[in-house]
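Asks: The sequence isn't on hand, but the structure is:
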């Protein structure tokens, strides 16, 4: 995932401001997760915030209305981003904060992509194996993608292990093309 450096700095400052208070840290994480989910669910909100035509005061009023349930520190972040004319980074800051938080508390997001749903006991086995390898708390998500035909793709942080039939067929096809050309 590509991160905006400026958004990452805001997220890091937010994390540093609450890292000594577990309750506050958890509250901010929940707030940023909510913000992240809200932006993911609404392409219109992203377009609205990124718009150069809409007044900043209108953006601030809208964000305050949408995110009125956030804690005071999260609301202060909105005001700071608005003051610094960086409100278009709000969704990037929330994503960056989530990454920093997971790293800080030792959580690891893992995505297992398969052609069909995997049995829960197999998922638990995979989760335990990844936990052994990374020494982190693992949150495993199984994504079903029928396009990979069979096998699996395992994504742990920035690493990806592709053991899908589709990938293996591509490699065989490439080898065949290389042999036929020679």
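Replies: Looks like it arrived, so ask away. It should be emphasised that the depicted structure is a prediction, and the values quoted were computed from it without experimental measurement. Numbers count the residues shown, from 1 in each chain.

Asks: Now do residue 20 against residue 125, distance only.
Replies: Distance from residue 20 to residue 125, counting by C-beta to C-beta, to the nearest Å: 37 Å. Any C-beta I mention is one placed from the backbone N, CA and C, and that applies to glycine too.

Asks: Mind pulling up the pLDDT for residue 138?
Replies: pLDDT recorded at residue 138 is 84.

Asks: Partner strands of the helix or strand where it lies and their direction?
Replies: Following DSSP states H and E, the helix or strand that holds residue 138 is strand 137-144. Paired strands of strand 137-144, with direction, are strand 107-114 (parallel) (DSSP bridges).

Asks: Can you name every helix or strand that the helix or strand just after the partner strand contacts?
Replies: Of the helices and strands lying after strand 107-114 in sequence (DSSP H and E), the nearest is helix 120-134. Judged by 3 or more C-beta pairs under 8 Å, 6 or more residues apart in numbering; DSSP states H and E, helix 120-134 is in contact with strand 107-114, strand 137-144, strand 152-156.

Asks: mind putting these in CSV, mean neighbour count and distance to residue 27 included?
Replies: Shown next, in CSV, are the helices and strands packed on helix 120-134 (neighbours: other C-beta atoms under 10 Å; distance: least, C-beta to C-beta, whole Å):
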stretch, mean neighbour count, distance to residue 27
strand 107-114, 18, 17
strand 137-144, 14, 19
strand 152-156, 18, 28
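
Asks: Mind putting these into TSV with distance to residue 165?
Replies: Putting the helices and strands packed on helix 120-134 into TSV (distance: least, C-beta to C-beta, whole Å) gives the following:
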stretch	distance to residue 165
strand 107-114	11
strand 137-144	15
strand 152-156	10
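
Asks: got the angle for the strand holding residue 138 vs helix 120-134?
Replies: Per axes from the mean of the first three to the mean of the last three C-alpha atoms, to 10 degrees, the angle that strand 137-144 makes with helix 120-134 is 130 degrees.
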